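J.: My questions are about this predicted structure, shown below with the sequence.
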Amino acid sequence: MAETDIWLARFDDQQIHVGNAGIYWASLALLLTGIVGLLWSLPVPRGLAAISPLLNWGSVFLMAALVYYFVISIALGAGMLPFVSGIGAIQAWLAATSIPIAVTSCILTGAGIAGLSLGHYESGGMRAVGRDVQLVMIAPLWLLSKIYRQLGIPY
């Protein structure tokens, strides 16, 4: 079994008992945006900041995730490019607002975890939420793989 299939199957096992899929997926998006925002708000070395104001720990994390996506599947990596770019654009916009990005990111992360616990209310509670947090970067890849399967796109 390929590494892609192992990760997707592991995440798929958790999705059997999700109560409200809409709340669940919105919560995963909030959680991912919040986590990237928290990384975005961390101080960066002067050398990185001198290269570009957009080069920070959040953008490095997104780039590493995208590289990982391409390593495990070129088709899925290409499909994730707009999603990762969108998360980066949201972070750049949040950083430009008057509210500190760390505050906004804490709120987004808290809302994401609260939503995930609602989604897993009857099926494992906080233990299931903990597994979702561990696999937060696999969740959008899993959803994209489902779309690819329905469209008959090999990955």
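T.: Here it is on my side, so go on.

J.: pLDDT wise, what is residue 90 at?
T.: For residue 90, the model assigns a pLDDT of 95.

J.: same question, the one 4 residues further on
T.: At residue 94 the predicted local confidence, pLDDT, stands at 93.

J.: need the contact list for it.
T.: Contact analysis of residue 94 by Cβ atoms under 8 Å, 6 or more residues apart in numbering lists 37, 40, 101, 104, 105. From N, CA and C alone the C-beta is placed, and that goes for glycine too.

J.: Who wins on neighbours among those?
T.: residue 40 (27 neighbours; other Cβ atoms under 10 Å).

J.: check which helix or strand covers the closest residue to that residue other than its chain neighbours.
T.: Leaving aside its sequence neighbours, residue 40 sits nearest to residue 58 (Cβ to Cβ, 6 or more residues apart in numbering; 3.0 Å). Assessed by DSSP states H and E, residue 58 sits inside helix 57-72.

J.: hmm, back to that, pipe the contacts of residue 94 into a markdown table and attach distance to residue 73, secondary structure and pLDDT per row.
T.: Converted to a markdown table, the contacts of residue 94 look like this (distance: Cβ to Cβ, whole Å; DSSP: H, G, I helix; E, B strand; the rest coil; pLDDT from 0 to 100):
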| residue | distance to residue 73 | secondary structure | pLDDT |
| --- | --- | --- | --- |
| 37 | 27 | helix | 96 |
| 40 | 26 | helix | 95 |
| 101 | 31 | helix | 95 |
| 104 | 32 | helix | 96 |
| 105 | 29 | helix | 96 |
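
J.: how far off helix 57-72 does the longest helix along the chain point, in degrees?
T.: In the chain, taking DSSP state H as the definition, the longest helix is helix 74-96. The directions of helix 74-96 and helix 57-72 differ by 170 degrees, with axes from the mean of the first three to the mean of the last three Cα atoms, to 10 degrees as the criterion.

J.: Flag every buried residue along helix 74-96.
T.: Residues of helix 74-96 classed as buried: 75-77, 79-80, 83-84, 87-88, 90-91, 94-95 (neighbour count, 16 or more other Cβ atoms under 10 Å).

J.: got the CA coordinates for the helix or strand hosting residue 47 in CSV?
T.: If you go by DSSP H and E, residue 47 is part of helix 46-51. Output in CSV follows, covering the C-alpha atoms of helix 46-51 (Å, rounded to 0.1, in the frame of the first residue of the first chain):
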residue,chain,number,x,y,z
ARG,A,46,16.2,38.9,10.7
GLY,A,47,17.6,37.1,7.7
LEU,A,48,14.3,35.6,6.8
ALA,A,49,12.4,38.9,7.4
ALA,A,50,15.0,40.7,5.2
ILE,A,51,14.2,38.4,2.2
